[in-house]
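Asks: Build me a model:
(one chain, ligands or ions: 1)
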Amino acid sequence: MFEDMELDRGLRLGLENLGLETPTPVQAAAVPALIAGSDLRISAQTGSGKTLAYLLPALQRILAEPASRKSGALAVVLVPTRELARQVLKNCRDLAAKTPLNAMALTGGADFKYQKSELRKNPEVIIATPGRLLEHCEKGSADLASVRTLVLDEADRMLDMGFRDEVLQIAAFCPPERQVVLLSATLNHAGLGSVAQALLQQPQTINIDPPRSASEGIRHQHILADSPSHKDALLAALLQQQEFRRALVFANQRSIAERLANQLAGGELKTACLHGELTTEERKAVMTRFRDGRIQVLCASDLAARGLDVPDIDLVVNYDLPRSGDDYLHRTGRTGRAGAQGLAISLVGANEWNLMISIQRYLKLELERSAVPGLKARYQGPGKVKSSGKAVGPKKKKTDKTAAAKKKQRARDQKSRGKHRANVSADGFAPLTRARPKPAAGGNPDSESPGDK
Ligand code: AMP
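Replies: Numbering: from 1, shown residues only. Sure, this is the predicted structure:
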């Protein structure tokens with residue numbers, strides 16, 4: 001129980017107002033260790049209660065030893081996206097409502113001068129995306145010299161988005177004795193080790209939610225599909241037949257998410273799309289409408305929907321399969337939160353079969369087969385499978401390429417270089433593409449909700 005933790009009265013009241021009594025496993029493990037001052041590496045997924053796991057102790061440490069009004073920020077939370085910043089800020093304000101502490105968010109897309117004037121009010125807690133905070137540090141408008149706790153939330157995503165240097169530079173603006181908390185969906189992420197080594201001192205590791213396990217409250221299903229138009233029909237039928245309050249539909253590309261939202265908007269359900277072209281205000285408005293029920297279906301790509309915390313999402317549809325098992329967990333982790341029930345349905349074309357097998361094997365999770373009556377796919381899985389469950393590919397033909405034949409082939413390749421090649425295979429699906437290379441610092445692959453300037 002939170003009652004048994006040594007917490008300030010204001011924080012207890014905040015928890016009471018939020019209706020929270022029992023810590024989640026990650027909170028039970030992290031809060032006492034962080035109050036005691038340890039550095040921590042936490043492997044926790046969205047939905048585990050990870051935000052309060054670091055906010056509670058960070059605020060407690062400030063309240064236990066108040067600083068002078070003139071000192072700068074006392075706790076800094078770095079997050080990869082604006083949406084997550086907004087959400088953490090809300091959690092922080094709710095929690096601190098009965099304390100004298102103030103929090104602000106510093107993210108790209110908002111007015112720099114306005115942020116500067118807000119910083120002059122010396123908020124104790126800053127929740128920021130790395131690019132914008134670093135800019136304030138370099139221009140002298142943010143003072144991190146008194147920071148006691150530095151949190152790197154969704155550190156794996158921050159690194160994926162190219163914020164490594166910014167994170168390290170921001171840490172260098174904090175005093176050496178600051179506490180560092182690093183949270184990540186998986187601690188095996190390449191690149192995380194060197195950041196942890198540079199910033200954390202004798203850290204403890206908390207691995208409550210094994211990173212590869214899916215939340216128990218979620219049913220995972222797949223439905224086979226023949227073509228994009230078949231997927232469109234399946235999606236429309238699912239949204240009609242399933243009972244849900246809020247549904248999230250994921251596509252791998254922004255353009256597809258937009259197309260789906262436009263298509264669905266003609267029906268009875270109120271639908272919107274979350275994408276990077278929206279201004280911060282527009283995005284905020286979409287999320288508010290989704291939260292208060294004026295929108296029932298939100299179509300999004302991974303980056304745009306990153307870190308969203310919307311209660312009661314009971315249905316997640318993967319129109320496209322995500323590119324990795326970790327992305328699958330991130331998407332489906334938005335349902336079945338804090339004990340609620342959820343359903344995750346993936347629409348799987350023939351060209352996605354092997355990817356589905358990889359995701360299942362990686363997550364040790366079975367996506368049970370389902371179907372929509374009247375819309376059963378002709379494709380019913382590969383004819384022959386390997387022991388892994390993956391499709392047996394066509395045998396490569398042996399060709400006896402003589403030097404002359406090779407030369408001819410090279411000449412043909414040369415001729416067609418630069419010509420546009422149709423990106424659609426015979427079955428109407430785009431072929432599997434490789435993951436795009438990581439963007440340079442500050443950049444971001446989908447230009448969705450970048451956390452920088
Ligand atoms: P997070 O993992 O921080 O994104 O939190 C996921 C959801 O769990 C949020 O909606 C929180 O309000 C909720 N939550 C956090 N802590 C608790 C708790 N101790 N008991 C019940 N719900 C919680």
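Asks: tell me the contacts of Asp39?
Replies: 179-181, 200-204 (Cβ atoms under 8 Å, 6 or more residues apart in numbering). C-beta here means a position set from N, CA and C on the backbone, and glycine is covered the same way.
Asks: before we move on, what about Val88?
Replies: Applying Cβ under 8 Å, 6+ apart, the residues near Val88 are 51, 55, 77, 79, 105, 127, 153.
Asks: Tell me which of the residues you listed fall in helices.
Replies: Of the positions in those, 51, 55 sit in helices, assigned by DSSP state H.
Asks: With neighbour count added, can I get the contacts of Val88 in JSON lines?
Replies: Shown next, in JSON lines, are these (neighbours: other Cβ atoms under 10 Å):
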{"residue": "Thr51", "neighbour count": "26"}
{"residue": "Leu55", "neighbour count": "29"}
{"residue": "Val77", "neighbour count": "28"}
{"residue": "Val79", "neighbour count": "30"}
{"residue": "Ala105", "neighbour count": "26"}
{"residue": "Ile127", "neighbour count": "29"}
{"residue": "Asp153", "neighbour count": "26"}
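Asks: What helix or strand is Pro255 located in?
Replies: Heads up, residue 255 is Ser, not Pro. For Ser255, the host element (DSSP states H and E) is helix 254-265.
Asks: the strands in the stretch 101-250 of the chain, which residues?
Replies: 103-106, 125-128, 149-152, 179-184, 204-206, 218-224, 247-251 (DSSP state E, counting those that start in this stretch).
Asks: Any idea which of the ones you listed gets closest to the ligand?
Replies: strand 179-184 (9.5 Å; Cβ to the nearest ligand atom).
Asks: Now tell me what touches that closest one from outside.
Replies: Against strand 179-184 from outside (Cβ under 8 Å, 6+ apart): 30, 34, 37-44, 50, 54, 58, 61, 148-156, 171, 192, 195-196, 199-201, 203.
Asks: And those residues, which of them are buried?
Replies: Buried by 16 or more other Cβ atoms under 10 Å: 30, 34, 38-44, 50, 54, 58, 61, 148-156, 171, 192, 195-196, 199-200, 203, out of the contacts of strand 179-184.
Asks: Out of those residues, list just those in helices.
Replies: Short answer: these in helices (DSSP H) are 30, 34, 50, 54, 58, 61, 155-156, 171, 192, 195-196, 199.
Asks: nearest to Gly140, of these?
Replies: Ala171 (17.7 Å; Cβ to Cβ).
Asks: okay, now the domains of the protein?
Replies: 2-207, 218-370 (automatic domain parsing).
Asks: I'd like those as a markdown table, with distance to the ligand and mean pLDDT appended.
Replies: Output for the domains of the chain, formatted as a markdown table (distance: least, Cβ to the nearest ligand atom, whole Å; pLDDT from 0 to 100):
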| stretch | distance to the ligand | mean pLDDT |
| --- | --- | --- |
| domain 2-207 | 3 | 93 |
| domain 218-370 | 4 | 87 |
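Asks: right, and the ones you listed - which one's nearest Gly389?
Replies: That would be, of the domains of the chain and by Cβ to Cβ, domain 218-370, which comes in at 4.4 Å.
Asks: Endpoints of the closest one, how far apart?
Replies: 15 Å (Cα to Cα, to the nearest Å).
Asks: How far off centre is that domain?
Replies: Centre-to-centre, domain 218-370 and its host chain are 13 Å apart (Cα atoms, centre = their mean, to the nearest Å).
Asks: What of stretch 95-112?
Replies: In terms of Cα atoms, centre = their mean, the centre of stretch 95-112 is found 21 Å from the chain centre.
Asks: Show me where the stretch 251-400 of the chain has its helices.
Replies: 254-265, 280-291, 302-305, 325-332, 353-363 (DSSP state H, counting those that start in this stretch).
Asks: would JSON lines of those with mean neighbour count be doable?
Replies: Listed next are these as JSON lines, based on neighbours: other Cβ under 10 Å:
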{"stretch": "helix 254-265", "mean neighbour count": "18"}
{"stretch": "helix 280-291", "mean neighbour count": "16"}
{"stretch": "helix 302-305", "mean neighbour count": "25"}
{"stretch": "helix 325-332", "mean neighbour count": "24"}
{"stretch": "helix 353-363", "mean neighbour count": "19"}
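Asks: Can you tell me the closest non-neighbouring residue to Leu101?
Replies: Glu124 (4.8 Å; Cβ to Cβ, 6 or more residues apart in numbering).
Asks: how near is Leu59 to Ser43?
Replies: For Leu59, the distance to Ser43 (Cβ to Cβ, to the nearest Å) stands at 23 Å.
Asks: how close does Ala236 get to Leu89?
Replies: Taking Cβ to Cβ, one finds Ala236 at 36 Å from Leu89.
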